[in-house]
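[1] Structure for the following, please:
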Amino acid sequence: MQSHIFYNTDIPKYLRRTGLYVRALEKGLKKFARQNIEVNVIFVGEREILRVNKQYLNHHYVTDVISFNNERPPVLPPGEPWGFGDIFVCYPVARKNASKFGHTILQEMMMYVTHGALHLSGMDDHAPADRAEMDRQAEKIIQTILG
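    Here you go, the predicted model:
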């Protein structure tokens, strides 16, 4: 797996923990992390997450995280990774929600990265029970990484 972490909004240096986000991404992707894939995590502000929501999902509101799975191209050059997916994380929402959920800002940001990775790995959260299971798995992954 190739991963790219982009900080496209003002995030304090102490929260730019690229290695931790990559570990959360790998654990959330499960078996897919062992494949020749490429995944981007893009930390953005409210304006950008709103633009992405409007443009691609026809949602006219700010969200915490959005993930997009990409279709595998029918033909790939040998050894070439394919763009498996993108995860957009809204830093201002993480900052606002951290205390609401009893997390540090870092834990909340990792929660969104992990949640997006779980979506890319095939999990869904439309039903309350499914959402609870995703949250449980994400919390477990974060605890494993942060100790």
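[2] burial count for Asp124?
    Residues near Asp124, counting by other CB atoms under 10 Å, number 11. (C-beta placed from N, C-alpha, C; glycine too.)
[3] For it, list the residues it contacts.
    The neighbours of Asp124, taking CB atoms under 8 Å, 6 or more residues apart in numbering as the test, are Asp130.
[4] How many residues are close by Met88?
    I think there's a mix-up here, since residue 88 is Phe and not Met. 25.
[5] let's number from 40 now, not from 1
    All set: I'll call the first residue 40, so the last point we hit is now Phe127.
[6] what about the residue nearest in space to the middle of the chain, distance to Gly58?
    Nearest residue to the geometric centre of the chain (CA atoms, centre = their mean): Val152, 2.8 Å. According to CB to CB, to the nearest Å, Val152 stands 12 Å off from Gly58.
[7] again with Ala137
    Applying CB to CB to Ala137 and Gly58 gives a distance of 20 Å.
[8] which one of those two has more residues nearby?
    Shown here are Ala137 and Gly58; by other CB under 10 Å, Ala137 has more neighbours (17 against 9).
[9] Now the more buried one. Nearest residue, chain neighbours left out?
    Counting by CB to CB, 6 or more residues apart in numbering, Glu147 is the residue found nearest to Ala137 once chain neighbours are left out, at 4.2 Å.
[10] Quick check: that neighbour is in a helix.
    Yes. Judged by DSSP: H, G, I helix; E, B strand; the rest coil, Glu147 forms part of a helix.
[11] Next, the contact list for it, please.
    Neighbours of Glu147 in contact, by CB under 8 Å, 6+ apart: 133-134, 136-137, 140.
[12] Those residues in helices, which ones?
    133-134, 136-137 (DSSP state H).
[13] Now the buried members of these.
    133, 136-137 (16 or more other CB atoms under 10 Å).
[14] Can you tell me which of those residues lies closest to Glu65?
    Closest approach to Glu65 among those (CB to CB): Ala133, at 19.9 Å.
[15] give the contact list for that closest one.
    103, 144, 147-148, 150-151.
[16] make it 6 Å
    144, 147-148 (CB atoms under 6 Å, 6 or more residues apart in numbering).
[17] Ok, Met162 next?
    Met173.
[18] tally of neighbours for the closest residue to Phe127 other than its chain neighbours?
    In space, not counting the residues next to it along the chain, Phe127 is nearest to Ile105; the distance is 4.6 Å by CB to CB, 6+ apart. Using other CB under 10 Å, Ile105 has 21 other residues around it.
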